[in-house]
Every structure is written in structure tokens, then in C-alpha cells.
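[1] Okay, sequence plus prediction incoming.
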Amino acid sequence: MRPWLLICASVLAFSCGESRHASLRLRDQILVDGTGLTSIAPLDKEVTRVAAMSFSGALYEVCYSSRTVAILLQRRIQRQPGDSSTCPIVASAPERDAVVACWGRLLGWLEWPGLRSLASTVTLTESAYALSFDPREDRVLVPFGADRLGQWKKGYQSLRSIRQLPSAAIGARWWINGIRSVAVSSSGSLIALARGGHVEVWETAERGMWGKLCSVQASRDALAQCVAFSPNSEFLYAGTSQGEIIAYSLLRRWVVQRRLLSLDETKEPDCISTVVVSPSGEDVAVGGIGEPGGVYLLSRRCNILLDAQSTTTESIGLAVNGLVFSPDGTKLLTCDSKGILSVWDIQKTGGQAPK
């Protein structure tokens, strides 16, 4: 090894110290809806209860400590003609006691506690595939189509401040170019979009001024599927349709890491459906779709994601569609296509990552 490479390696090892890795242990599983679950969202700051949305359009309240499941609402999914892929989704802002559910083209605002009636509704012109609350304001961002982003607040009769984005870089059809995921940074000044084959980060300012901060292209002609900011907004994580996880440094403006995830090395990598970062920023959970499907938990050390543990279809459904960390980062809640809410304990260990 060249002397300068040896020096760099020594400095890196010294700065990192002993790595601490996370492992998953299944604590409990609760069958919520046999049609499958599409998303989950916390109902309180302690994440003792979650809202769970099913493929059939039923919205549930689940308390996993007492294993109680209560149906809150049942709505018919409103799809646009020719669209059979729209799934109902739910998002929440526990600090504001607010929950927003989407049944295709129908948006509903609910308030916690209660949740058994819609405080406000709006009908969209196109189906929405993602929702994200803005931490600075009592509003939710709603992307739809390939290039439109709107905001909605309780009491609004329609979406406001719809922003027309430049055309996506690849594809000619809206379901290829469409915005599949949206995330807002903790400061509310950055908005990330999974759109077409790119992950885009936009910087917002007062008076509605926008500017593109960066754009990262997925590898192997894959489509960007999901995005998530770290709690301190220093990193952005994204997943693609071909199993690639991308770690991007927003401070240095470069891709720190790209890697393919697969539970079974003999098969193609899973499509990554969802990604979430722990409150400490140390762990990243990733949900996969397809065969074999599953959930991955990775630990971040020296800005690099290290393998910690991945599950198999023996303990999880074929598609993991939702992930939520507990505030202390010791638990991970997942929902899957079998309609099961799984509760995992996260255990920290020192030394090498488990094989």
C-alpha cells in the first residue's frame, strides 16, 4: 500500500473508533387487515399508537403495547380513469395532533384524539402518491402528476400554491416521471423529491422563491422511489426501484455512498419502497418490495452505511410499505403487504457487524 493511503486509512480508523452496530429482534406481530397495509404514521410523540392504512381504504388506530386495533374510517378509493395502481396513504404530525389520509384523489384532514370524522376534505384533479408534513407550518405537501406540488391546510377547499416544476429528465409518461415520494427537512427549508430517475433537493425561501440545490441520478436506469432527511438535515437517503440505497451529503454536495441491497444474493435486489432515519441519525431502516422482500437496518459510521441486519420472509411480508422509529430509537415498527404490524427491538452491539 502506498504510504499516503496507509496514513489516510490510519486517520480514518482513529476518527471512527469502535463501530457500534444495530440488530433487530422481533418482539410482536399484530394482524391489522388481511388486504395488506400501505403505510403507518405515529399518532403521538411517544409513538405508543399508530395510524395504519390498508389497501382496502380502511384507516386503523393500533396500540401495539395492548395489541388493540380499532377501525377509524373506511373510504372508497377515488382513482382517475385508467389508474389501477393508486394506494391509500396516511401521514401525521403528532406535535400538531394532525393526521392526513389520502384515498387517491380524496384528501382528508383528521384531528387527534378522535379521528373518527374528517374535519376537512378536498378532491384532487389527479391521484396523489405521497404526503409530507412541513415541520414549520400546519400544512401538508401533496405532489401529484410529474411536475406539480401543492400545499394543503385544514379548512382549505383546494390545494394552494401549486408549484410547477421543470419536466423530469427521463420517460414520457407521468407514472414514470411522477413524484413518488416527498420529504421536508427539519428546518423546513429543504424539500426532497423522488421523481423519475432522479432525486431532487429544492431550497425554499421567503416569498415562495425556490431553487434547485442538487439532483442525483439513480444507477442502472432505475426509478427513484423514496427519500428521507437525517434529523440534522446533513444527509439525504434515497431508495430506487432496483434496490439501490443512496447516501448524499447535503453539506459537501456529493454522493457519499451507493450500494445494492438484497436479502438473497441469488436473486435480483428488491425494489426499495420506503426509507426512514432514526431520531439520533445513527440508523437507517429500509423497506423492500418483491421476492424475497423484507426490511434492512443499517448503521451509519463515518458517514458510511454498514450492514447490521436484514429480515427474511419468514418473519415479514413480501412487501414492507411503512417504517416508524420510536423516539428513543430502540424500536422499529413496520407494516407489510400481509396486513401485519411488526414491532422490532433494536439492540446496539460493539465490534464487527453481524454476518
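    Yes, it's here.
[2] burial count for residue 68?
    When neighbours are counted by other C-beta atoms under 10 Å, residue 68 registers 11. Bear in mind the C-beta positions are built from the backbone N, C-alpha and C, glycine included.
[3] Quick check: which element contains the nearest residue to it once chain neighbours are set aside?
    Of all residues not flanking residue 68 in the chain, residue 62 sits nearest, at 7.3 Å (C-beta to C-beta, 6 or more residues apart in numbering). In the assignment (DSSP states H and E), residue 62 maps to strand 58-63.
[4] same check, this time on residue 332
    Using DSSP H and E, residue 332 falls within strand 331-336.
[5] what pLDDT, on average, does that strand get?
    Average pLDDT, strand 331-336: 94.
[6] which sections of the stretch 101-250 of the chain are below the confidence cut-off?
    Regions of the stretch 101-250 of the chain meeting the criterion pLDDT under 70 cover residues 114-116, 145-146, 161-162, 167-177, 206-209.
[7] quick revisit: the helix or strand that the strand holding residue 62 is followed by - which strands sit beside it in the sheet, and in what orientation?
    Using DSSP H and E, the helix or strand that directly follows strand 58-63 along the chain is strand 68-74. Here strand 68-74 has these sheet partners by DSSP bridges: strand 58-63 (antiparallel).
[8] C-alpha coordinates for the partner strand, PDB please?
    The C-alpha coordinates for strand 58-63 follow below in PDB (Å, rounded to 0.1, in the frame of the first residue of the first chain):
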ATOM      1  CA  ALA A  58     -59.700   1.400   5.900                       C
ATOM      2  CA  LEU A  59     -57.800   3.600   8.400                       C
ATOM      3  CA  TYR A  60     -57.000   1.900  11.800                       C
ATOM      4  CA  GLU A  61     -55.700   3.000  15.200                       C
ATOM      5  CA  VAL A  62     -53.300   0.400  16.600                       C
ATOM      6  CA  CYS A  63     -51.900   0.400  20.100                       C
END
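[9] which residues are contacting it?
    Strand 58-63 is contacted by residues 30, 32-33, 35, 40, 43, 48-54, 68-75, 88, 90, 101, 115, 341 when judged by C-beta atoms under 8 Å, 6 or more residues apart in numbering.
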